[in-house]
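Asker: What follows is a predicted protein model with its sequence.
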Amino acid sequence: MRRAGPVLARAACCGLALLAAGCTIPRAGPTGGAIEDGAGPSGSAAGAPYVLIDLTTAIGQAVSDGAPPAEASGGLPPGAPVGLLGPEDTLRITLWEPNPTGATLLDRPGLDLTVRVGADGTISVPYVGRLRAAGRSPAAVEEAIRTELGNQGHVMQASAFVTDDVTNTVVVQGDVMKPGRYPIAPGARGVLDVVAIAGGGKSPDHASIVRVSRRDAAVTASMTKLQQSGAANLLLSPGDRVLVMQRVRYFYAFGAVARPGQQAYDDEEMSMARTLGRIAGLDDLKANPGGVFVYRRQSAELTRRIAGPALRADQDPTRVVYRIDLRDPMGFFVAEAFRIRPEDIVYVSNAPIADAIKVLQLINGVAAIGAVPRNYGAQY
């Protein structure tokens, strides 16, 4: 026991020598000071320095309001009108001559026939011949038949009823209960209407996105946005393709957090406060509550609007690190106003005392190793 003092002293000297030699303290990432230095004029080997922004409630709200949609969006070209005939549609056509005796229509003689619109867009009607049907409504076909027969001196009536509508349909695929081809009508042509007819999505609304393709263009929207906004309920046109997909998104947590790693982003949007709850908060024994950082890539325009004159010419405005100080009692209000995005990296730096504890543990470990030869074989 009398020799423990010199052993401990030598161990402390060895531990300090290791630190002086440049041995790094084990940690999960950079210190808060290193992150500040990385935003300085010198930058890093990776390129221009990023932008470090200290979050306030106002900045958090402004960033969230200026965030782009979580999914891509775009415009569709004008669609084909609904209700017109096309190739492969089937019509039931009835011809009859008005009965001058006043008999009811149920007693009238007539001619019923079923015709299919050919690839050239025409149909064949007795006493009329080939008649163009594609691009016309059934009512327009009726009028064309009556006109042709009237030109021949016949006073005839005609009716046309679609029995198999191939043209006015859309294809629904993907994560729905009943994929297939479904008809659309002028009063029920919204994408939500058609998805409902297909049995609805298999996944929750926040985990589903809908892509509508028309010719060579496509637009994408989340199911939640479609549900919340009637204006966003895209109107479909004949020939459109609807693909419902499961949306799998993640954010990442590193450093002094209770649950690091890849985390599911399983809602339309998530506040920083909810994100901290998802990862079970900070590690009480390691975390620096003043060093909570969010690494993000965003548009340069948004960064310029948020940073203002503080943005330097040498900084890369597309690489931003937001810092939240949770030592401030207002910090959690800031965290509630700030929205995390998919692919963000949440990093919590170590508290300085945590590094000091690691040094002491290192010295204690070296002391224990140094004491082994002296205690080996000792009588107890």
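Answerer: Received it, and whenever you're ready, just let me know what you need. Keep in mind it's a predicted model, so treat the numbers as computed, not measured.

Asker: Correct me if wrong: residue 238 contacts residue 82.
Answerer: Yes: using C-beta atoms under 8 Å, residue 238 makes contact with residue 82 at a distance of 6.4 Å. Using the backbone N, CA and C atoms, a C-beta is placed for each residue, glycine as well.

Asker: which residues are in contact with both of those two?
Answerer: Shared contacts of residue 238 and residue 82, defined by C-beta atoms under 8 Å, 6 or more residues apart in numbering, comprise 168, 184.

Asker: who has more neighbours, these two?
Answerer: Each of residue 238 and residue 82 has its neighbours counted (other C-beta atoms under 10 Å); residue 238 has more, 21 against 18.

Asker: Tell me the pLDDT of the more buried one.
Answerer: In this model, residue 238 is scored at 92, pLDDT.

Asker: do residue 104 as well
Answerer: pLDDT, residue 104: 48.

Asker: Repeat that for the one 5 residues further on.
Answerer: Taken from the predicted model, the pLDDT recorded for residue 109 is 62.

Asker: what ranges do the helices span in the chain?
Answerer: For the chain, applying DSSP state H gives helices covering 4-20, 32-38, 57-65, 138-151, 191-197, 223-228, 272-278, 300-307, 331-337, 352-375.

Asker: Now the weakest link among those helices, please, by mean pLDDT.
Answerer: Per-stretch mean pLDDT for those is lowest at helix 4-20 (a mean of 52).

Asker: is it true that residue 82 touches residue 187?
Answerer: No: with contact defined as C-beta under 8 Å, residue 82 does not reach residue 187; the gap is 9.5 Å.

Asker: Sketch out the low-pLDDT regions of the stretch 51-200 of the chain for me.
Answerer: Applying pLDDT under 70 to the stretch 51-200 of the chain picks out residues 67-74, 99-109.

Asker: now with 80?
Answerer: Along the stretch 51-200 of the chain, segments meeting pLDDT under 80 span 65-75, 97-110, 153, 186-188.

Asker: Ok, the stretch 201-350 of the chain next?
Answerer: In the predicted model of the stretch 201-350 of the chain, residues 228-233 satisfy pLDDT under 80.

Asker: All the strands of it, in order from the start?
Answerer: Assignment of strands within the stretch 201-350 of the chain using DSSP state E, counting those that start in this stretch yields the ranges 208-214, 217-222, 241-246, 250-255, 261-264, 270-271, 287-297, 319-324, 339-340, 345-350.

Asker: and if you look at the stretch 51-200 of the chain?
Answerer: Here the stretch 51-200 of the chain has its strands, by DSSP E, counting those that start in this stretch, at 51-54, 90-96, 110-116, 122-125, 129-132, 157-164, 169-174, 180-183.

Asker: and among the strands of the stretch 201-350 of the chain, the most buried is which?
Answerer: Of those, the one with the most neighbours on average (mean count of other C-beta atoms under 10 Å) is strand 345-350, at a mean of 24.

Asker: Quickly note the distance from residue 155 to residue 284.
Answerer: Noted for residue 155: a distance of 94 Å to residue 284, by C-beta to C-beta, to the nearest Å.

Asker: Around residue 223, count how many other residues there are.
Answerer: Residues within reach of residue 223, counting by other C-beta under 10 Å, total 25.

Asker: Contact partners for the spatially closest residue to residue 333 that is not a sequence neighbour?
Answerer: Nearest non-adjacent residue to residue 333, counting by C-beta to C-beta, 6 or more residues apart in numbering: residue 57, 5.6 Å away. When contacts are counted by C-beta under 8 Å, 6+ apart, residue 57 is found next to 330, 333-334, 337.

Asker: For these, pick the one with the most neighbours.
Answerer: residue 334 (24 neighbours).

Asker: how much space between that residue and residue 255?
Answerer: Computed as C-beta to C-beta, the residue 334 to residue 255 distance reads 19 Å.

Asker: residues near the nearest residue to residue 96 once chain neighbours are set aside, how many?
Answerer: Distances taken as C-beta to C-beta, 6+ apart put residue 110 closest to residue 96, at 3.4 Å, once the chain neighbours are dropped. Per other C-beta under 10 Å, the neighbour tally for residue 110 reads 13.

Asker: ok, residue 110 - contacts?
Answerer: Contacts of residue 110 (C-beta under 8 Å, 6+ apart): 94-97.

Asker: and those residues, which are buried?
Answerer: Among the contacts of residue 110, those buried by neighbour count (16 or more other C-beta atoms under 10 Å) are residue 95.

Asker: For the contacts of residue 110, give me a markdown table that also has distance to residue 53.
Answerer: Listed next are those as a markdown table, based on distance: C-beta to C-beta, whole Å:
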| residue | distance to residue 53 |
| --- | --- |
| 94 | 73 |
| 95 | 77 |
| 96 | 79 |
| 97 | 83 |
